[in-house]
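# Got a predicted structure plus its sequence, pasted below:
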Amino acid sequence: MARSSQLSETRNIGIMAHIDAGKTTTTERILFYTGVNYKIGEVHDGAATMDWMQQEQERGITITSAATTCSWKDHRINIIDTPGHVDFTVEVERSLRVLDGVVAVFCGVGGVEPQSETVWRQADRYQVPRVAFVNKMDRMGADFDNVVSMIEDRLEARPLPLQLPIGSEDAFSGVVDLLSNKAFFWDEESLGAEFRSGEIPADLVEDAELARENIIERLADFDDEIMSKFLDGQDVSVEELRAAIRRSTLNLDIVPVFCGSAFKNKGVQPLLDGVVDYLPSPSDVPSVEGEAVSTKKKGPKNARDGEPAQIVARKASDDEPFSALVFKIQSDKHAGSLAYLRVYSGTAKAGEGLLDASTGKKERVGKFLQMHANKRQEVDEIYAGDIVAAVGLKGVATGHTLCSAKSPLILESLDFPEPVISIAIEPKTTAGMDKLGVSLDRLAIEDPSFKVSTDTETGQMIISGMGELHLEIIVDRLLREFGVDANVGRPQVAYKETISAAASGIGEYIKSPTGGAGEFAIVTIEVEPGEAGSGFEFENAVSAGAIPLEFIDAVEQGCRESIDSGHLGGYPVMDVRMRLVNGQAHETESSDRAFGIAASMAANDGLAKASPVLLEPIMKVEVVTPEDFRGAVQGDLNGRRGQIKGIEMRGQYQVVKADVPLAEMFGYVSSVRSMTQGRASYTMQFAHYSQVPDVLLQSIINPYA
């Protein structure tokens, strides 16, 4: 089957923003105006196409990223609508990894809110070009200029407004297009599907002229062609401006800014024009790079086996060898599981065998599906630039690379944050234990930020996630989707441990032979604090010949296992550096097992001597409150061991910013509502780990003492 659209006419974009900025509502309008949907589904009615999960419809929020496809002006647009709640930021992370461009939606009142900033930094990390859409211009307190200033100040971006709003709040009626010098007004009877152009209102003519001059001046800073015409005083045509804006957007020099009200059906079509005109096609982004691998019976061999990495590039072309990244696994009651793929190069047909380069195993694809939220359309063949789901891939996980067996490579995988909150869970009946275990395993495969473990002391099953809502959704899905009836404990903080001094430890594992082979290994490990956020680092500094090279990997593995539980409360150890400095081996009785055990003993000995300290997650909290309640909010946060970081005005409200320990924030939603008569709202996201005060240490380590 031939391509339905050329690569240059394909756009892979994401819709991202803070919660309640209007991402899903904007996507609904896009689907309506592009003819995918025959009616508009509203989030508040639980009828939005992209919020298809029962939990999303009940809560009116996006929980999981959903993919769909539409067409606009002969261009195919693959869209991923991402969540705005911080608990589900991993969905944004993995979506940005595979997208070429992004529409960042900002509330016309709230502007750049905490999660707006988080997802923007994620897009910075992946070097994804963006356009901005200032939504909700019909809301009381909407201020287009203020939002543009916030994008520049808070996000350190270079916004370039291409439109001006005509009126604001209740008087918002349309937009001025600064390139064509026309005003656009939307027809309410057709739900915004019809719109007309007209003359710019007289009171905006001067502002529009200044704003258009600003566009040319800003572009001249980045584009030589515009600079030349600007200095010569020549007129710049609309086509030349669009071409220059596209070049500067792709180079990440500017962010074109549009405005409108998706809920009131105004401004969405020009935004679609901006997606087509200014965001990249797959052929506009740099070639994807991966590490070449050679496949043998024991699996893939690459630089992690001690060989220098050979980096190979794959450009976006159907003629290149096939390569794709699995960025999402989704449980499916009909197909078992769906693996979402971003195809970077080449083509593949349903039924064809592909190599999972991350495991070295061959996988056969049963079907390829073009997804439209939870609906699907089967396709026979997929091409470079496509975003599709595959059925029948049994051993594939998020971050794995699928490729041609004749030309294998491993693409850069994804990193996921560590959970900060945990709860104990157990089935209500003994018979339900296996079902609970299988269901949790499926959810953990689907969501890499969700972890399942067992408490070694109590034997309880512990589930961990990014926040209370995250775990609430997990438990809800267990009950409804998987039919598991379970008892759930109270939320617990995911504490960590680290060390504050350097020390060394010795591990000896010696067993005399009694009818069989003996075991012998002696290891000396030095431990010291690592840099914040460094995790675990291992260095082999042993003298040549003291320990045979074939046992070094076992020593490192033993050291890694030692940090699974610390010496204060049994919590995982983070940010520690370990150095192998000495050891002894036996000619016949040493083994990987012996050295792994000895290394773990030495590392534990060193960690116990290195002044261990307990760490707790600190959350960045923003409370938006009327001024009358600011003092009460501020005092309450102080009482929760919070550190006030700043207070600023946002429209008619005050924003109190603070760093607060997660342990003090459970149930805060009820507290903030009661102290502000329900008029305040708050957001919270993980900031960093910090040492627990000494006065609280014993109550955490020995809660029942």
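Great, that's in hand. Numbers count the residues shown, from 1 in each chain.
# got the buried residues for the helix or strand hosting residue 507?
According to DSSP states H and E, residue 507 maps onto strand 503-511. Buried positions in strand 503-511, judged by neighbour count with 16 or more other CB atoms under 10 Å: 503, 504, 505, 507, 509. Glycine gets a C-beta too; all of them are placed from N, C-alpha and C.
# any low-confidence regions in the stretch 51-200 of the chain?
Scanning the stretch 51-200 of the chain for pLDDT under 70 picks out the ranges 51-65, 84-89.
# Please enumerate the strands of the stretch 251-400 of the chain.
255-259, 288-292, 294-296, 299-301, 311-314, 323-332, 336-345, 348-349, 353-356, 361-364, 367-372, 375-379, 381-382, 387-391 (DSSP state E, counting those that start in this stretch).
# any idea which of these is most buried?
With neighbours taken as mean count of other CB atoms under 10 Å, the strands of the stretch 251-400 of the chain reach their highest mean count in strand 255-259, at a mean of 25.
# Identify the residues contacting stretch 691-705?
For stretch 691-705, contacts defined as CB atoms under 8 Å, 6 or more residues apart in numbering pick out 495, 568, 569, 613, 614, 615, 616, 641.
# Identify each buried residue in it, please.
Those would be 692, 700, for stretch 691-705 by 16+ other CB under 10 Å.
# Repeat that for stretch 133-148.
Applying 16+ other CB under 10 Å to stretch 133-148 flags 133-139, 141-144, 146-148 as buried.
# so of these, which ones are in strands?
Of the positions in the buried residues of stretch 133-148, 133, 134, 135 sit in strands, assigned by DSSP state E.
# residues contacting the second one?
Residues near residue 134 by CB under 8 Å, 6+ apart: 106, 108, 144, 147, 148, 257, 258, 259, 260.
# where's the first one relative to residue 135, distance?
Distance from residue 106 to residue 135, counting by CB to CB, to the nearest Å: 7 Å.
# Same check on residue 629?
Distance of residue 629 to residue 135, given as CB to CB: 27 Å.
# again with residue 427
Relative to residue 135, residue 427 is positioned 44 Å away (CB to CB).
# same thing with residue 122?
Distance check for residue 122 against residue 135: by CB to CB, it reads 20 Å.
# now the angle from the longest helix seen in the chain to strand 503-511?
Assignment by DSSP state H gives helix 592-609 as the longest helix of the chain. Using axes from the mean of the first three to the mean of the last three CA atoms, to 10 degrees, the inter-axis angle of helix 592-609 relative to strand 503-511 is 150 degrees.
# For helix 592-609, buried residues please.
Buried, per 16+ other CB under 10 Å, within helix 592-609: 594-609.
# Over to stretch 167-175?
Neighbour-count burial for stretch 167-175 flags 168, 169, 172, 173, 174, 175 (criterion: 16+ other CB under 10 Å).
# Next, the contact list for the nearest residue to the first one once chain neighbours are set aside, please.
Once its chain neighbours are removed from consideration, residue 168 has its nearest residue in residue 142; the separation is 5.0 Å (CB to CB, 6 or more residues apart in numbering). For residue 142, the residues meeting the contact criterion (CB under 8 Å, 6+ apart) are 108, 109, 136, 165, 168, 169, 172.
# now residue 18
For residue 18, the contact set (CB under 8 Å, 6+ apart) comprises 84, 106, 107, 110, 113, 114, 115, 116, 119, 683.
# if I averaged out where everything in this protein sits, which residue would be nearest that spot?
In the chain, the centroid-proximal residue (CA atoms, centre = their mean) is residue 93; its distance is 1.9 Å.
# Excluding sequence neighbours, find me the nearest residue to residue 185.
Residue 185's closest residue in space is residue 174 (CB to CB, 6+ apart), at 4.1 Å.
# need the contact list for that neighbour.
Applying CB under 8 Å, 6+ apart, the residues near residue 174 are 166, 183, 184, 185, 186, 195, 266.
# Quick one: the strands in the stretch 101-250 of the chain, in order.
For the stretch 101-250 of the chain, applying DSSP E, counting those that start in this stretch gives strands covering 101-107, 130-135, 159-161, 163-166, 174-177, 182-186, 195-198.
# Would you format the ones you listed as TSV with distance to residue 231 included?
As requested, the strands of the stretch 101-250 of the chain are exported to TSV (distance: least, CB to CB, whole Å):
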stretch	distance to residue 231
strand 101-107	31
strand 130-135	28
strand 159-161	20
strand 163-166	26
strand 174-177	26
strand 182-186	28
strand 195-198	32
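# okay, those strands, which one's buried deepest?
Mean neighbour count (mean count of other CB under 10 Å) peaks for strand 130-135 among these, with a mean of 28.
# What strands line up against it, and which way round?
If you go by DSSP bridges, strand 130-135 pairs up with strand 101-107 (parallel), strand 255-259 (parallel).
# would you turn these into CSV with distance to residue 586?
CSV is the format used below for those (distance: least, CB to CB, whole Å):
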stretch, distance to residue 586
strand 101-107, 59
strand 255-259, 64
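# Looking at those strands, which is nearest to residue 320?
Nearest to residue 320, of all the strands paired with strand 130-135, is strand 101-107, at 21.4 Å by CB to CB.
# Just the residues contacting that closest one, thanks.
With CB under 8 Å, 6+ apart as the test, strand 101-107 has contacts from 11-18, 20-23, 26, 96, 112-113, 116, 119-120, 123, 128-136, 139, 147, 150-151, 255, 271, 275, 279-280.
# after the biggest strand by length in the chain comes which helix or strand?
Across the chain, the strand with the greatest residue count (assigned by DSSP E) is strand 612-625. Note on strand 612-625: by DSSP H and E, the next helix or strand toward the C-terminus is helix 630-639.
# pull the CA atoms of that following helix into PDB?
The C-alpha trace of helix 630-639 is given here as PDB (Å, rounded to 0.1, in the frame of the first residue of the first chain):
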ATOM      1  CA  ARG A 630      -2.900  34.900  51.900                       C
ATOM      2  CA  GLY A 631      -1.900  35.300  55.500                       C
ATOM      3  CA  ALA A 632      -3.800  32.100  56.500                       C
ATOM      4  CA  VAL A 633      -2.300  30.100  53.600                       C
ATOM      5  CA  GLN A 634       1.200  31.400  54.300                       C
ATOM      6  CA  GLY A 635       1.000  30.600  58.000                       C
ATOM      7  CA  ASP A 636      -0.400  27.100  57.300                       C
ATOM      8  CA  LEU A 637       2.500  26.300  54.900                       C
ATOM      9  CA  ASN A 638       5.000  27.500  57.600                       C
ATOM     10  CA  GLY A 639       3.300  25.200  60.000                       C
END
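# Relative to the next helix or strand after it, what are the paired strands and their orientations?
In the C-terminal direction, the helix or strand that comes right after helix 630-639 (DSSP H and E) is strand 643-650. The sheet places strand 643-650 alongside strand 653-661 (antiparallel), with pairing taken from DSSP bridges.
# Show me how far the strand it pairs with is from its chain's centre.
Centre-to-centre, strand 653-661 and its host chain are 24 Å apart (CA atoms, centre = their mean, to the nearest Å).
# which residues sit against it?
Identification of contacts with strand 653-661 by CB under 8 Å, 6+ apart yields 493, 616-627, 630, 633-634, 637, 640-649, 684, 687, 690.
# Any idea which of the strands paired with strand 130-135 gets closest to residue 5?
Closest approach to residue 5 among these (CB to CB): strand 101-107, 15.9 Å.
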